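K.L.:
Pasting the sequence and the predicted coordinates here, then a few questions.
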Amino acid sequence: MRFTSAFTGLALSAVTQALCPYAEQALRDPELMKRHLKSDNLNKETPKEKRQSGPGNIPFTTFNENQLIDVTGKYAWVAPGPGDIRGPCPGLNALANHGYFPHNGIVPLAVGASATEKVYGLAPNFGIPLTVYATLVDGNVLGDTWSIGGRQPLDLTSPVIGAGDGLSGSHNKYESDASPGRGDYHLYNGDVSSLRVAKFQALYDLQADAEVPNYDLDVLIQHRQYTFDQSISTNPYFYFAPFAGIAVSNAAHTFIPALMSNHSAEYPNGILDKETLKSFFAITEADDGTLSWQPGHERIPDNWYRRPLGVVNEYSPESFAQDFLQIAAVVPEAASVGGNTGTVNSFTGVDLGNITGGAYDTTALLNPTTFVCYFYQLTLAVVPDFLRSEALGSLLGTALTLLQSEISPYVDPSCAKIGNYNDSFTAEFPGAAVGKP
Ligand code: HEM
């Protein structure tokens with residue numbers, strides 16, 4: 001395997017040095033730190049619980065009954081019917097099954113971010129960019145709706161061009177190879193939405209001997225290593241894109257402990273046990289231990305309590321930046337843009353500086369503040385690229401305005417802009433061609 005990454009050797013030292021804004025605030029404000037250190041809950045924590053926490057990995061110290069998610073009445077679970085769309089994201093599929101999203105799987109722009117915050121505690125500064133990206137890259141570019149799975153049906157008000165292929169049709173734009181549970185595009189004839197039970201089993205088995213099974217960040221980092229190595233060694237066309245790979249694929253791993261864990265007074269930081277994991281992934285287990293997947297049957301468990309809300313507690317790009325650092329420390333290649341070059345085990349990393357016109361190089365992503373800048377600035381850089389490839393005509397201006405108006409409020413003006421996004425590097429990777437013009 002040929003592997004080049006500027007991360008090797010640097011990652012661990014950066015983890016110890018980098019501080020998120022909340023941790024910096026805590027250092028400036030001794031009272032804030034004292035409040036955390038005095039907490040009984042903090043003292044009760046086991047090392048396993050520490051990772052699943054708010055920005056800066058400072059553990060949650062509170063638990064409230066109002067974290068319970070209602071799965072009764074209008075939010076009772078209903079299986080998808082023949083006309084309902086489901087896709088590669090278990091978190092979104094579950095929202096549709098429980099009526100937090102429209103049951104047909106076609107989501108109005110505004111509902112995406114509000115429901116993911118209400119049910120999972122995903123911060124708006126994360127949920128809004130994710131839904132705007134979905135709307136513009138694979139949804140209805142007029143800003144109305146996006147599909148959590150395949151292409152949404154056209155009606156009289158849909159634009160003929162720009163109605164989007166949905167999350168399932170967004171390979172390399174949104175959906176990525178090396179997912180936690182879904183298969184690679186080229187290995188399964190483009191089916192990126194079906195869960196591959198063997199892959200899930202690999203994750204599941206990581207807690208086989210645990211006294212108190214908990215799929216926390218440490219466990220998901222082990223699985224990140226597995227999923228990345230598996231794509232390198234089995235998929236000649238494996239490709240890991242600047243946004244779909246570095247941001248989305250890694251987030252798909254961190255979202256599991258961060259957003260699916262069940263919180264309680266006993267475990268204010270949450271714990272993700274086997275039953276909860278299987279429920280969110282639509283997996284059933286037979287008496288002999290055989291696992292089966294029921295497509296579209298993702299379910300929020302009864303008595304499931306999400307993480308607490310509020311700026312410090314919700315899962316934000318800042319929280320993700322901290323988790324990303326932990327990943328990069330153990331699996332540095334997962335912080336690299338690159339791919340196989342047409343044969344298995346030929347993974348080659350690319351200099352991010354060349355792609356971003358010098359705005360962000362690979363090592364810069366190890367600073368959490370810079371990583372957050374990268375997340376937003378890359379969105380602003382790649383979405384217009386994708387939109388222009390769609391020949392949208394007069395709709396292009398509307399789409400670009402929506403992008404700027406929705407994303408710009410979150411961007412720190414001191415962030416380096418990606419003025420010259422250069423994707424010529426993709427020529428080296430045959431797997432990059434899919435999902436592009
Ligand atoms: C608007 C918000 C969201 C969008 C647009 C979104 C989109 C996506 C996309 C495109 C993928 C495919 C990634 C890949 O191929 O690796 C994905 C996977 C995934 N998402 Fe989401 N997602 C959102 C929110 C959530 C939430 C709230 C959760 C958790 C509760 C979640 C959990 C996951 C997981 C675990 C995967 C990996 C599934 C697998 O590989 O089996 N997502 N999501």
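P.N.:
Yep, it's here.
K.L.:
interface residues of the stretch 1-150 of the chain facing the ligand?
P.N.:
Counting by Cβ under 6 Å from any ligand atom, the stretch 1-150 of the chain comes close to the ligand at 88-92, 112, 116, 120, 122, 127, 130-131, 134. Yep, even glycine has a C-beta here, placed from its N, CA and C like the rest.
K.L.:
Out of the residues you listed, flag the one nearest to Tyr185.
P.N.:
Pro88 (10.7 Å; Cβ to Cβ).
K.L.:
is it true that the closest one touches Val192?
P.N.:
Yes. Counting by Cβ atoms under 8 Å, Pro88 does reach Val192; the two are 5.5 Å apart.
K.L.:
the more surrounded of those two?
P.N.:
Pro88 (26 against 22; other Cβ atoms under 10 Å).
K.L.:
Just the strands from the stretch 151-300 of the chain, written as ranges.
P.N.:
239-240, 283-285, 291-293 (DSSP state E, counting those that start in this stretch).
K.L.:
what comes up buried for stretch 333-345?
P.N.:
Glu333, Ala334, Ala335, Ser336, Val337, Gly338, Gly339, Asn340, Thr341 (16 or more other Cβ atoms under 10 Å).
K.L.:
Which two among those are spaced furthest apart?
P.N.:
With distances taken as Cβ to Cβ, the most widely separated pair in the buried residues of stretch 333-345 is Ala335 and Thr341, at 19.4 Å.
K.L.:
picking that back up, now for Pro88 and Val192: what residues contact both?
P.N.:
Shared contacts of Pro88 and Val192, defined by Cβ atoms under 8 Å, 6 or more residues apart in numbering, comprise Ser168, Glu175, Ser179, Arg182.
K.L.:
Tell me the first helix or strand C-terminal of the longest helix along the chain.
P.N.:
For the chain, the helix with the greatest residue count under DSSP state H is helix 368-388. Once helix 368-388 ends, the next helix or strand along the chain (criterion: DSSP states H and E) is helix 395-407.
K.L.:
Briefly note if that next one comes near the ligand.
P.N.:
No. Helix 395-407 does not reach the ligand (Cβ under 6 Å from any ligand atom); its nearest approach is 12.7 Å.
K.L.:
Run the angle between that helix and helix 368-388 for me.
P.N.:
160 degrees (axes from the mean of the first three to the mean of the last three Cα atoms, to 10 degrees).
K.L.:
Below-threshold pLDDT in the stretch 1-150 of the chain: ranges please.
P.N.:
For the stretch 1-150 of the chain, applying pLDDT under 70 flags the ranges 1-59, 143.
K.L.:
would you list every one of the strands in it?
P.N.:
106-108, 145-147.
K.L.:
What lies in contact with the last one?
P.N.:
Think strand 145-147. 85, 87, 105-109, 112, 131, 134-135, 138-140, 152, 164, 166-168.
K.L.:
what sits against the residue in the stretch 301-437 of the chain positioned nearest to the ligand?
P.N.:
Nearest residue of the stretch 301-437 of the chain to the ligand, counting by Cβ to the nearest ligand atom: Tyr315, 8.3 Å away. By Cβ under 8 Å, 6+ apart, the contact set of Tyr315 is Tyr120, Gly121, Leu122, Ala123, Phe126, Phe255, Ala258, Leu259, Arg307.
K.L.:
can you pull up the bridge partners for it?
P.N.:
Beta-bridge pairing of Tyr315 under DSSP bridges involves Leu122.
K.L.:
State the pLDDT value of it.
P.N.:
Looking at Tyr315, its pLDDT stands at 96.
K.L.:
Confirm for me that Val330 is in contact with Gln225.
P.N.:
Yes. The criterion here is Cβ under 8 Å, and Val330 meets it with Gln225 at 6.6 Å.
K.L.:
Pick out the residue closest to the middle of this protein.
P.N.:
Ala251 (3.0 Å; Cα atoms, centre = their mean).
K.L.:
Pretty sure that residue sits against Pro317.
P.N.:
No. Using Cβ under 8 Å, Ala251 is not in contact with Pro317, being 9.4 Å away.
K.L.:
mind listing the helices for the stretch 151-300 of the chain?
P.N.:
With DSSP state H, counting those that start in this stretch, the ranges of helices along the stretch 151-300 of the chain come out as 197-204, 217-234, 250-260, 274-280.
K.L.:
mind checking which of the ones you listed is nearest the ligand?
P.N.:
helix 250-260 (3.7 Å).
K.L.:
do that closest one and the ligand meet at all?
P.N.:
Yes. For helix 250-260, a contact with the ligand is found by Cβ under 6 Å from any ligand atom, at Ala252, Phe255, Ile256, Leu259, Met260.
K.L.:
who touches the fourth one in this structure?
P.N.:
Spelled out, that is Leu259. Gly91, Tyr120, Gly121, Leu122, Arg306, Arg307, Tyr315.
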